[in-house]
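Peer 1: My questions are about this predicted structure, shown below with the sequence.
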Amino acid sequence: MSPGTATEQLEALLRGTAQVINEKDLLTKLERGTPLRAKLGVDPTAPDIHLGHTVPLEKLRQFQEFGHQAVLIIGDFTAQIGDPSGRSKTRPQLTRDEVLDNAKTYTKQAFKILDRDRTEIVFNGDWFNKMTFAEVIALNARVTMQQMLQREDFKTRIANDQEVRLHEIQYPLVQGWDSVMVRADVEIGGTDQLFNILVGRDMQKSEGMEPQVAMCVPILEGLDGVKKMSKSLDNYIGVSDEPEDMFGKVMSISDELMDRYYTLLLGESRDPEDHPMDAKKALAARIVTRYHSEESATKARENWETRFSQRDLASADLPDYALGDRRDAVGVVADAYASIFQTNRSNGEIRRLLQQGSVQLNGEKLTDPKAEPAWADGDILKLDKKRSVRVKVG
RNA sequence: GGGUAGGUACCGAAGCGGUCAAACGGGGCAGACUGUAAAUCUGUUGGCUACGCCUUCGCAGGUUCGAAUCCUGCCCUGCCCA
(Lines give C-alpha, C1' and ligand atoms only; values in the text may rest on other atoms or scores of the structure.)
Protein backbone atom coordinates (compact mmCIF):
# COMPACT_ATOMS: atom_id res chain seq x y z
CA MET A 1 0.00 0.00 0.00
CA SER A 2 1.37 3.40 -0.88
CA PRO A 3 0.82 6.49 1.22
CA GLY A 4 -1.81 8.06 -1.03
CA THR A 5 -3.45 11.42 -0.54
CA ALA A 6 -4.94 12.51 2.72
CA THR A 7 -8.44 11.92 1.46
CA GLU A 8 -7.58 8.47 0.20
CA GLN A 9 -6.02 7.60 3.50
CA LEU A 10 -9.00 8.91 5.36
CA GLU A 11 -11.36 6.80 3.39
CA ALA A 12 -9.30 3.65 3.92
CA LEU A 13 -8.77 4.31 7.59
CA LEU A 14 -12.42 4.91 8.26
CA ARG A 15 -13.34 1.58 6.77
CA GLY A 16 -14.40 -0.90 9.40
CA THR A 17 -14.56 1.64 12.19
CA ALA A 18 -17.59 2.00 14.39
CA GLN A 19 -17.11 5.55 15.51
CA VAL A 20 -14.57 8.28 14.90
CA ILE A 21 -14.37 11.55 16.76
CA ASN A 22 -13.95 13.23 14.66
CA GLU A 23 -13.36 12.74 10.97
CA LYS A 24 -12.59 16.37 10.28
CA ASP A 25 -9.79 16.45 12.81
CA LEU A 26 -8.38 13.29 11.34
CA LEU A 27 -8.38 14.76 7.87
CA THR A 28 -6.65 17.89 9.12
CA LYS A 29 -3.96 15.82 10.75
CA LEU A 30 -3.51 13.67 7.66
CA GLU A 31 -3.26 16.69 5.42
CA ARG A 32 -0.18 17.89 7.24
CA GLY A 33 1.65 15.03 5.63
CA THR A 34 3.81 14.28 8.66
CA PRO A 35 3.55 10.79 10.16
CA LEU A 36 0.91 10.55 12.83
CA ARG A 37 1.38 8.85 16.14
CA ALA A 38 -1.32 6.22 16.40
CA LYS A 39 -1.74 4.86 19.88
CA LEU A 40 -3.14 1.56 20.98
CA GLY A 41 -3.12 0.66 24.61
CA VAL A 42 -3.24 -2.95 25.64
CA ASP A 43 -3.51 -4.33 29.09
CA PRO A 44 -1.59 -7.53 29.38
CA THR A 45 -4.14 -9.15 31.65
CA ALA A 46 -3.77 -12.45 29.80
CA PRO A 47 -0.79 -13.69 27.85
CA ASP A 48 -2.46 -14.74 24.66
CA ILE A 49 -3.95 -12.49 22.11
CA HIS A 50 -7.00 -13.63 20.30
CA LEU A 51 -8.88 -12.53 17.24
CA GLY A 52 -10.77 -9.95 19.26
CA HIS A 53 -7.52 -8.12 19.89
CA THR A 54 -6.56 -8.30 16.27
CA VAL A 55 -9.30 -5.94 15.16
CA PRO A 56 -7.67 -2.82 16.60
CA LEU A 57 -4.22 -4.22 15.86
CA GLU A 58 -5.09 -4.55 12.19
CA LYS A 59 -6.28 -0.99 12.20
CA LEU A 60 -3.03 0.11 13.72
CA ARG A 61 -1.13 -1.77 11.10
CA GLN A 62 -3.11 0.02 8.47
CA PHE A 63 -1.77 3.26 9.88
CA GLN A 64 1.70 1.82 9.59
CA GLU A 65 1.12 0.94 6.01
CA PHE A 66 0.40 4.57 5.33
CA GLY A 67 3.71 5.46 6.89
CA HIS A 68 2.47 6.47 10.31
CA GLN A 69 4.03 5.59 13.61
CA ALA A 70 2.39 2.96 15.78
CA VAL A 71 2.68 3.49 19.49
CA LEU A 72 1.83 0.38 21.42
CA ILE A 73 1.35 1.07 25.07
CA ILE A 74 1.75 -1.90 27.28
CA GLY A 75 -0.39 -1.15 30.25
CA ASP A 76 1.79 -2.82 32.82
CA PHE A 77 0.56 -0.24 35.27
CA THR A 78 -3.06 -0.10 34.19
CA ALA A 79 -3.38 -3.85 34.07
CA GLN A 80 -2.93 -3.77 37.77
CA ILE A 81 -5.86 -1.45 38.13
CA GLY A 82 -8.16 -3.42 35.90
CA ASP A 83 -10.16 -1.76 33.18
CA PRO A 84 -13.78 -1.64 34.24
CA SER A 85 -14.95 -1.31 30.62
CA GLY A 86 -17.80 -3.61 29.86
CA ARG A 87 -17.42 -5.19 33.21
CA SER A 88 -20.24 -5.79 35.57
CA LYS A 89 -17.82 -6.56 38.34
CA THR A 90 -14.58 -5.37 39.68
CA ARG A 91 -11.71 -7.10 38.00
CA PRO A 92 -9.21 -9.02 40.02
CA GLN A 93 -5.90 -7.22 40.17
CA LEU A 94 -2.77 -8.82 38.83
CA THR A 95 0.66 -8.85 40.31
CA ARG A 96 3.47 -7.07 38.58
CA ASP A 97 5.24 -10.27 37.64
CA GLU A 98 2.17 -11.75 36.03
CA VAL A 99 1.72 -8.60 34.06
CA LEU A 100 5.29 -8.49 32.81
CA ASP A 101 5.17 -12.13 31.81
CA ASN A 102 1.99 -11.56 29.91
CA ALA A 103 3.45 -8.53 28.22
CA LYS A 104 6.28 -10.55 26.81
CA THR A 105 4.16 -13.10 25.00
CA TYR A 106 1.71 -10.42 24.11
CA THR A 107 4.12 -8.31 22.13
CA LYS A 108 5.57 -11.34 20.46
CA GLN A 109 2.15 -12.25 19.19
CA ALA A 110 1.25 -8.68 18.32
CA PHE A 111 4.11 -8.65 15.85
CA LYS A 112 2.36 -11.29 13.84
CA ILE A 113 0.25 -8.33 12.81
CA LEU A 114 2.27 -5.19 13.39
CA ASP A 115 5.36 -4.06 11.56
CA ARG A 116 8.02 -4.19 14.20
CA ASP A 117 10.14 -1.50 12.60
CA ARG A 118 7.41 1.04 12.76
CA THR A 119 6.21 0.25 16.25
CA GLU A 120 7.24 2.07 19.35
CA ILE A 121 6.59 0.08 22.48
CA VAL A 122 6.21 1.84 25.77
CA PHE A 123 5.24 0.72 29.22
CA ASN A 124 3.00 3.09 31.08
CA GLY A 125 4.55 2.01 34.34
CA ASP A 126 7.50 4.08 33.18
CA TRP A 127 5.70 7.24 34.11
CA PHE A 128 3.03 6.11 36.51
CA ASN A 129 5.36 4.28 38.83
CA LYS A 130 7.30 7.48 39.25
CA MET A 131 4.37 9.69 40.10
CA THR A 132 4.21 11.13 43.54
CA PHE A 133 1.00 11.12 45.46
CA ALA A 134 0.72 14.88 45.01
CA GLU A 135 0.88 14.38 41.27
CA VAL A 136 -1.78 11.72 41.44
CA ILE A 137 -4.04 14.08 43.29
CA ALA A 138 -3.33 16.77 40.75
CA LEU A 139 -4.27 14.35 38.01
CA ASN A 140 -7.52 13.65 39.77
CA ALA A 141 -8.23 17.34 40.02
CA ARG A 142 -8.44 17.57 36.26
CA VAL A 143 -11.79 15.88 36.02
CA THR A 144 -14.99 15.91 37.97
CA MET A 145 -16.69 13.04 39.67
CA GLN A 146 -19.78 13.69 37.62
CA GLN A 147 -17.85 13.28 34.39
CA MET A 148 -16.45 9.97 35.46
CA LEU A 149 -19.83 8.75 36.57
CA GLN A 150 -21.24 9.46 33.17
CA ARG A 151 -19.70 6.26 32.01
CA GLU A 152 -22.21 3.66 31.03
CA ASP A 153 -20.55 0.81 32.94
CA PHE A 154 -20.62 2.80 36.13
CA LYS A 155 -24.11 4.06 35.59
CA THR A 156 -25.52 0.59 35.17
CA ARG A 157 -23.64 -0.75 38.10
CA ILE A 158 -24.90 2.05 40.25
CA ALA A 159 -28.41 1.53 38.97
CA ASN A 160 -28.13 -2.12 39.89
CA ASP A 161 -26.86 -1.34 43.37
CA GLN A 162 -23.52 -2.92 42.61
CA GLU A 163 -20.28 -1.61 43.93
CA VAL A 164 -17.98 0.67 42.00
CA ARG A 165 -14.65 1.07 43.66
CA LEU A 166 -12.75 4.27 43.55
CA HIS A 167 -9.73 2.87 41.80
CA GLU A 168 -11.91 1.92 38.86
CA ILE A 169 -12.90 5.50 38.43
CA GLN A 170 -9.23 6.32 38.06
CA TYR A 171 -8.81 4.11 35.06
CA PRO A 172 -10.00 6.52 32.37
CA LEU A 173 -7.75 9.18 33.86
CA VAL A 174 -4.77 6.98 33.69
CA GLN A 175 -5.44 5.89 30.17
CA GLY A 176 -6.03 9.49 29.20
CA TRP A 177 -2.73 10.53 30.68
CA ASP A 178 -1.01 7.94 28.53
CA SER A 179 -2.19 9.87 25.51
CA VAL A 180 -0.54 12.97 26.85
CA MET A 181 2.69 11.17 27.57
CA VAL A 182 3.03 9.65 24.14
CA ARG A 183 1.61 12.69 22.36
CA ALA A 184 -0.89 10.60 20.49
CA ASP A 185 -2.55 11.95 17.38
CA VAL A 186 -4.99 9.11 17.15
CA GLU A 187 -6.05 6.52 19.64
CA ILE A 188 -7.49 3.26 18.47
CA GLY A 189 -9.69 1.10 20.64
CA GLY A 190 -12.84 -0.94 20.78
CA THR A 191 -16.13 0.90 21.04
CA ASP A 192 -16.10 0.16 24.75
CA GLN A 193 -13.04 2.37 24.98
CA LEU A 194 -14.74 5.47 23.69
CA PHE A 195 -15.15 7.04 27.08
CA ASN A 196 -11.55 6.49 28.07
CA ILE A 197 -10.27 7.78 24.77
CA LEU A 198 -12.32 10.91 25.08
CA VAL A 199 -10.85 11.54 28.50
CA GLY A 200 -7.50 11.42 26.73
CA ARG A 201 -8.67 14.20 24.45
CA ASP A 202 -9.60 16.34 27.43
CA MET A 203 -6.30 15.71 29.10
CA GLN A 204 -4.38 16.67 26.02
CA LYS A 205 -6.38 19.83 25.58
CA SER A 206 -5.72 20.87 29.13
CA GLU A 207 -2.03 20.29 28.49
CA GLY A 208 -2.23 22.60 25.54
CA MET A 209 -1.86 19.81 23.04
CA GLU A 210 -3.95 19.15 20.00
CA PRO A 211 -6.47 16.50 21.03
CA GLN A 212 -6.17 13.03 19.64
CA VAL A 213 -8.72 11.54 17.31
CA ALA A 214 -10.77 8.78 18.87
CA MET A 215 -11.08 5.86 16.51
CA CYS A 216 -13.29 3.04 17.69
CA VAL A 217 -13.50 -0.31 16.02
CA PRO A 218 -16.31 -2.76 16.68
CA ILE A 219 -16.01 -5.36 19.37
CA LEU A 220 -15.67 -8.87 18.08
CA GLU A 221 -18.09 -11.35 19.54
CA GLY A 222 -16.74 -14.63 20.81
CA LEU A 223 -17.60 -18.11 19.62
CA ASP A 224 -20.92 -18.04 21.43
CA GLY A 225 -21.89 -15.13 19.20
CA VAL A 226 -23.16 -13.03 22.04
CA LYS A 227 -20.52 -11.96 24.48
CA LYS A 228 -17.33 -10.25 23.53
CA MET A 229 -14.44 -12.50 22.75
CA SER A 230 -12.38 -13.00 25.83
CA LYS A 231 -10.09 -15.44 27.42
CA SER A 232 -12.00 -15.53 30.66
CA LEU A 233 -15.20 -16.53 28.89
CA ASP A 234 -13.28 -19.15 26.96
CA ASN A 235 -14.98 -18.16 23.75
CA TYR A 236 -11.91 -17.08 21.85
CA ILE A 237 -9.72 -18.07 18.96
CA GLY A 238 -6.14 -17.38 19.92
CA VAL A 239 -3.67 -16.30 17.30
CA SER A 240 -1.36 -18.97 18.64
CA ASP A 241 -3.95 -21.71 18.51
CA GLU A 242 -2.93 -24.73 16.51
CA PRO A 243 -4.19 -24.75 12.91
CA GLU A 244 -6.55 -27.64 13.59
CA ASP A 245 -8.03 -25.90 16.59
CA MET A 246 -8.37 -22.64 14.83
CA PHE A 247 -10.10 -24.22 11.89
CA GLY A 248 -12.43 -26.19 14.10
CA LYS A 249 -13.34 -23.22 16.22
CA VAL A 250 -14.28 -21.18 13.19
CA MET A 251 -16.40 -24.03 11.88
CA SER A 252 -18.38 -24.10 15.09
CA ILE A 253 -19.64 -20.54 14.89
CA SER A 254 -23.11 -19.60 13.79
CA ASP A 255 -23.88 -18.24 10.34
CA GLU A 256 -24.69 -14.79 11.67
CA LEU A 257 -21.43 -14.69 13.48
CA MET A 258 -19.66 -15.78 10.34
CA ASP A 259 -20.92 -12.67 8.59
CA ARG A 260 -19.62 -10.62 11.43
CA TYR A 261 -16.22 -12.27 11.25
CA TYR A 262 -16.10 -11.71 7.53
CA THR A 263 -16.54 -7.99 7.91
CA LEU A 264 -14.48 -7.53 11.03
CA LEU A 265 -11.64 -9.89 10.34
CA LEU A 266 -11.40 -9.94 6.58
CA GLY A 267 -12.90 -6.55 5.90
CA GLU A 268 -15.26 -7.84 3.26
CA SER A 269 -18.65 -9.45 3.03
CA ARG A 270 -19.18 -13.01 2.00
CA ASP A 271 -20.71 -14.06 -1.27
CA PRO A 272 -24.35 -14.80 -0.50
CA GLU A 273 -24.35 -17.33 -3.34
CA ASP A 274 -21.97 -19.58 -1.50
CA HIS A 275 -23.26 -22.34 0.69
CA PRO A 276 -22.78 -21.16 4.28
CA MET A 277 -20.62 -24.14 5.07
CA ASP A 278 -18.29 -23.47 2.17
CA ALA A 279 -18.11 -19.84 3.10
CA LYS A 280 -17.22 -20.86 6.62
CA LYS A 281 -14.52 -23.22 5.44
CA ALA A 282 -13.09 -20.44 3.32
CA LEU A 283 -13.13 -18.09 6.29
CA ALA A 284 -11.48 -20.66 8.50
CA ALA A 285 -8.81 -21.37 5.94
CA ARG A 286 -8.02 -17.70 5.51
CA ILE A 287 -7.71 -17.14 9.21
CA VAL A 288 -5.41 -20.12 9.59
CA THR A 289 -3.37 -18.91 6.64
CA ARG A 290 -2.98 -15.53 8.22
CA TYR A 291 -1.57 -16.81 11.48
CA HIS A 292 0.13 -19.96 10.25
CA SER A 293 0.50 -20.73 6.58
CA GLU A 294 -1.43 -21.75 3.55
CA GLU A 295 -0.13 -25.29 3.82
CA SER A 296 -1.31 -25.73 7.35
CA ALA A 297 -4.64 -24.24 6.38
CA THR A 298 -5.08 -26.78 3.61
CA LYS A 299 -4.02 -29.55 5.90
CA ALA A 300 -6.34 -28.43 8.65
CA ARG A 301 -9.19 -28.28 6.20
CA GLU A 302 -8.54 -31.73 4.80
CA ASN A 303 -8.27 -33.24 8.20
CA TRP A 304 -11.40 -31.53 9.34
CA GLU A 305 -13.26 -32.90 6.37
CA THR A 306 -12.19 -36.49 6.85
CA ARG A 307 -12.85 -36.22 10.50
CA PHE A 308 -16.14 -34.44 10.69
CA SER A 309 -17.74 -34.52 7.27
CA GLN A 310 -16.83 -38.08 6.46
CA ARG A 311 -16.67 -39.12 10.07
CA ASP A 312 -13.66 -41.17 9.25
CA LEU A 313 -11.73 -41.04 12.47
CA ALA A 314 -9.48 -43.91 11.48
CA SER A 315 -7.77 -42.00 8.71
CA ALA A 316 -7.85 -38.67 10.47
CA ASP A 317 -4.89 -37.06 12.11
CA LEU A 318 -5.52 -37.52 15.82
CA PRO A 319 -3.37 -36.88 18.83
CA ASP A 320 -1.73 -39.96 20.33
CA TYR A 321 -2.67 -40.86 23.82
CA ALA A 322 -0.27 -43.11 25.70
CA LEU A 323 -2.21 -45.39 27.97
CA GLY A 324 -1.43 -44.84 31.61
CA ASP A 325 -1.74 -47.11 34.60
CA ARG A 326 -5.48 -47.15 34.76
CA ARG A 327 -7.26 -49.36 32.27
CA ASP A 328 -10.87 -48.90 33.28
CA ALA A 329 -13.11 -46.72 31.16
CA VAL A 330 -13.41 -43.88 33.66
CA GLY A 331 -9.71 -43.81 34.38
CA VAL A 332 -8.62 -43.81 30.76
CA VAL A 333 -11.09 -41.17 29.68
CA ALA A 334 -10.21 -38.92 32.60
CA ASP A 335 -6.53 -39.29 31.88
CA ALA A 336 -6.96 -38.64 28.18
CA TYR A 337 -8.93 -35.48 28.85
CA ALA A 338 -6.32 -34.28 31.27
CA SER A 339 -3.17 -35.17 29.39
CA ILE A 340 -4.20 -34.43 25.82
CA PHE A 341 -6.81 -31.73 26.18
CA GLN A 342 -5.80 -30.10 29.47
CA THR A 343 -9.33 -30.56 30.67
CA ASN A 344 -9.89 -31.80 34.16
CA ARG A 345 -13.07 -33.67 34.66
CA SER A 346 -14.15 -35.38 37.84
CA ASN A 347 -14.82 -39.08 37.87
CA GLY A 348 -18.48 -38.37 38.37
CA GLU A 349 -18.51 -36.23 35.29
CA ILE A 350 -16.75 -38.89 33.22
CA ARG A 351 -19.15 -41.51 34.45
CA ARG A 352 -21.98 -39.34 33.25
CA LEU A 353 -20.36 -38.82 29.87
CA LEU A 354 -20.00 -42.56 29.47
CA GLN A 355 -23.56 -43.23 30.46
CA GLN A 356 -24.82 -40.56 28.13
CA GLY A 357 -23.10 -42.19 25.22
CA SER A 358 -20.44 -39.62 24.59
CA VAL A 359 -17.52 -42.00 24.57
CA GLN A 360 -16.84 -44.38 21.72
CA LEU A 361 -14.14 -46.97 21.28
CA ASN A 362 -13.53 -47.82 17.63
CA GLY A 363 -16.99 -46.61 16.77
CA GLU A 364 -18.73 -48.59 19.50
CA LYS A 365 -20.32 -46.75 22.37
CA LEU A 366 -18.59 -47.37 25.64
CA THR A 367 -21.20 -46.85 28.31
CA ASP A 368 -20.10 -48.98 31.24
CA PRO A 369 -17.90 -46.93 33.58
CA LYS A 370 -16.41 -50.07 35.04
CA ALA A 371 -15.59 -51.72 31.74
CA GLU A 372 -11.97 -52.60 31.16
CA PRO A 373 -11.69 -53.04 27.42
CA ALA A 374 -8.70 -54.87 25.96
CA TRP A 375 -6.89 -51.76 24.83
CA ALA A 376 -4.85 -52.18 21.68
CA ASP A 377 -2.40 -50.01 19.85
CA GLY A 378 -4.20 -47.78 17.39
CA ASP A 379 -7.58 -47.94 19.05
CA ILE A 380 -9.65 -44.87 18.29
CA LEU A 381 -11.08 -43.41 21.45
CA LYS A 382 -13.69 -40.74 20.90
CA LEU A 383 -14.24 -38.74 24.06
CA ASP A 384 -16.96 -36.48 22.77
CA LYS A 385 -18.11 -35.03 19.52
CA LYS A 386 -15.05 -32.88 19.10
CA ARG A 387 -12.31 -34.73 20.87
CA SER A 388 -10.77 -38.04 19.88
CA VAL A 389 -7.42 -39.69 20.42
CA ARG A 390 -5.50 -42.61 19.03
CA VAL A 391 -4.44 -44.99 21.78
CA LYS A 392 -0.85 -46.08 22.21
CA VAL A 393 -0.16 -49.01 24.45
CA GLY A 394 3.08 -49.26 26.35
C1' G B 1 -20.88 7.10 63.32
C1' G B 2 -26.61 6.06 63.12
C1' G B 3 -30.61 3.54 60.59
C1' U B 4 -31.99 -0.20 57.14
C1' A B 5 -31.75 -4.28 53.51
C1' G B 6 -28.68 -8.07 52.39
C1' G B 7 -24.41 -12.02 51.89
C1' U B 8 -27.10 -19.37 49.27
C1' A B 9 -23.75 -23.61 44.24
C1' C B 10 -20.70 -20.65 37.69
C1' C B 11 -24.50 -16.30 37.72
C1' G B 12 -29.44 -14.65 39.22
C1' A B 13 -32.72 -16.28 42.79
C1' A B 14 -36.02 -19.59 46.25
C1' G B 15 -35.63 -21.94 50.94
C1' C B 16 -36.18 -19.66 56.89
C1' G B 17 -35.45 -26.20 62.46
C1' G B 18 -35.76 -32.27 59.93
C1' U B 19 -38.29 -35.07 53.86
C1' C B 20 -31.71 -29.86 51.57
C1' A B 21 -26.30 -31.47 47.80
C1' A B 22 -30.42 -27.29 48.44
C1' A B 23 -36.70 -25.41 44.07
C1' C B 24 -36.64 -22.32 39.62
C1' G B 25 -34.24 -19.50 35.57
C1' G B 26 -29.76 -18.44 32.92
C1' G B 27 -25.14 -20.32 31.68
C1' G B 28 -22.04 -24.75 31.12
C1' C B 29 -21.41 -29.92 29.67
C1' A B 30 -23.17 -34.26 26.90
C1' G B 31 -26.62 -36.73 23.51
C1' A B 32 -30.31 -36.57 19.17
C1' C B 33 -31.10 -33.74 14.68
C1' U B 34 -27.55 -31.13 11.24
C1' G B 35 -23.50 -28.13 7.76
C1' U B 36 -18.81 -29.90 14.53
C1' A B 37 -24.00 -23.94 12.23
C1' A B 38 -28.45 -21.90 14.22
C1' A B 39 -33.14 -23.29 16.12
C1' U B 40 -35.35 -27.38 18.58
C1' C B 41 -35.67 -31.68 21.76
C1' U B 42 -33.44 -34.90 25.77
C1' G B 43 -30.22 -35.77 29.78
C1' U B 44 -26.99 -33.64 33.20
C1' U B 45 -24.60 -29.81 36.28
C1' G B 46 -20.23 -30.46 44.57
C1' G B 47 -16.69 -34.65 45.49
C1' C B 48 -15.66 -39.81 46.46
C1' U B 49 -13.08 -46.11 47.14
C1' A B 50 -21.00 -44.40 45.43
C1' C B 51 -27.96 -48.16 47.09
C1' G B 52 -23.34 -45.42 51.25
C1' C B 53 -19.93 -41.63 52.74
C1' C B 54 -17.54 -36.66 52.78
C1' U B 55 -17.43 -31.24 52.04
C1' U B 56 -20.77 -26.93 50.79
C1' C B 57 -25.50 -21.99 52.04
C1' G B 58 -20.05 -14.80 54.33
C1' C B 59 -16.59 -16.31 58.87
C1' A B 60 -16.19 -18.14 64.00
C1' G B 61 -18.61 -20.00 68.00
C1' G B 62 -23.31 -21.64 70.48
C1' U B 63 -28.51 -23.81 71.21
C1' U B 64 -30.66 -28.56 69.50
C1' C B 65 -31.30 -35.60 68.80
C1' G B 66 -30.93 -32.51 64.22
C1' A B 67 -29.22 -25.84 61.49
C1' A B 68 -28.77 -22.84 55.00
C1' U B 69 -32.77 -22.10 58.48
C1' C B 70 -32.58 -20.13 65.79
C1' C B 71 -28.81 -17.26 69.16
C1' U B 72 -23.98 -14.44 69.87
C1' G B 73 -19.73 -12.11 67.90
C1' C B 74 -17.03 -10.75 63.67
C1' C B 75 -16.22 -9.59 58.32
C1' C B 76 -18.26 -7.72 53.72
C1' U B 77 -21.88 -5.01 50.28
C1' G B 78 -26.05 -1.76 48.86
C1' C B 79 -29.41 2.20 50.25
C1' C B 80 -30.83 6.45 53.52
C1' C B 81 -29.02 9.92 57.26
C1' A B 82 -24.61 12.38 59.37
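Peer 2: Cool, the structure landed.
Peer 1: Go ahead and flag the most central residue of chain A.
Peer 2: Central residue of chain A (C-alpha atoms, centre = their mean): residue A:50, 3.0 Å from the mean position.
Peer 1: Quick check: phi and psi on the residue lying closest to it once chain neighbours are set aside?
Peer 2: Nearest non-adjacent residue to residue A:50, counting by C-beta to C-beta, 6 or more residues apart in numbering: residue A:236, 3.8 Å away. Every residue, glycine included, has its C-beta placed from N, CA and C. As for residue A:236, its main-chain torsions (degrees, to the nearest 10) stand at phi -120, psi 160.
Peer 1: Then the one 4 residues further on?
Peer 2: Summarising the backbone geometry of residue A:240 under the convention degrees, to the nearest 10, its torsions are phi -100, psi 10.
Peer 1: tell me the contacts of it?
Peer 2: Residue A:240 sits next to A:48-49, A:109, A:291 when contact means C-beta atoms under 8 Å, 6 or more residues apart in numbering.
Peer 1: quick one: it from residue A:283, how far?
Peer 2: 19 Å (C-beta to C-beta, to the nearest Å).
Peer 1: which residues sit in contact with the residue nearest to residue A:50?
Peer 2: A:50-52, A:222-223, A:229-230.
Peer 1: Give me every residue in chain A lying close to RNA strand B.
Peer 2: A:158, A:161-163, A:224-225, A:247-249, A:251-255, A:258, A:276-277, A:280, A:304, A:308-309, A:346-349, A:351-353, A:356-358, A:384-386 (C-beta under 7 Å from any atom of the strand).
Peer 1: where in chain A is pLDDT low?
Peer 2: Counting by pLDDT under 70, chain A has low-confidence residues at A:1-3, A:81-94.
Peer 1: domain parsing for it?
Peer 2: Domain assignment of chain A by automatic domain parsing yields the ranges A:6-217, A:243-312, A:320-392.
Peer 1: Quick one: end-to-end distance for the last one.
Peer 2: Using C-alpha to C-alpha, to the nearest Å, the end-to-end distance of domain A:320-392 comes to 6 Å.
Peer 1: likewise the longest one?
Peer 2: Across its full length, domain A:6-217 reaches 20 Å between end residues, using C-alpha to C-alpha.
Peer 1: any idea how far it is from the chain center?
Peer 2: Averaging C-alpha positions (C-alpha atoms, centre = their mean, to the nearest Å) puts domain A:6-217 16 Å from its chain's average.
Peer 1: coming back round to it: could you check the distance from the residue nearest to residue A:50 over to residue A:120?
Peer 2: Residue A:236 sits 27 Å away from residue A:120 when distances are taken as C-beta to C-beta.
Peer 1: what do you get for residue A:79?
Peer 2: 19 Å.
Peer 1: And residue A:269, by the same measure?
Peer 2: 34 Å.
Peer 1: Repeat that for residue A:326.
Peer 2: 54 Å.
Peer 1: Surely residue A:177 touches residue A:203?
Peer 2: Yes - if you go by C-beta atoms under 8 Å, residue A:177 and residue A:203 touch, sitting 5.9 Å apart.
Peer 1: how many neighbours does the residue in chain A positioned nearest to RNA strand B have?
Peer 2: Proximity of chain A to RNA strand B (C-beta to the nearest atom of the strand) peaks at residue A:248, 2.0 Å away. Here the count is done by other C-beta atoms under 10 Å, and residue A:248 has 19 residues near it.
Peer 1: Leaving out chain neighbours, which residue sits closest to it?
Peer 2: With C-beta to C-beta, 6+ apart, the residue lying closest to residue A:248 is residue A:304, at 6.4 Å.
Peer 1: What is the subsequent helix or strand relative to the helix or strand encompassing that neighbour?
Peer 2: Under the criterion of DSSP states H and E, residue A:304 resides in helix A:294-304. The C-terminal neighbour of helix A:294-304 among helices and strands, as given by DSSP H and E, is strand A:320-322.
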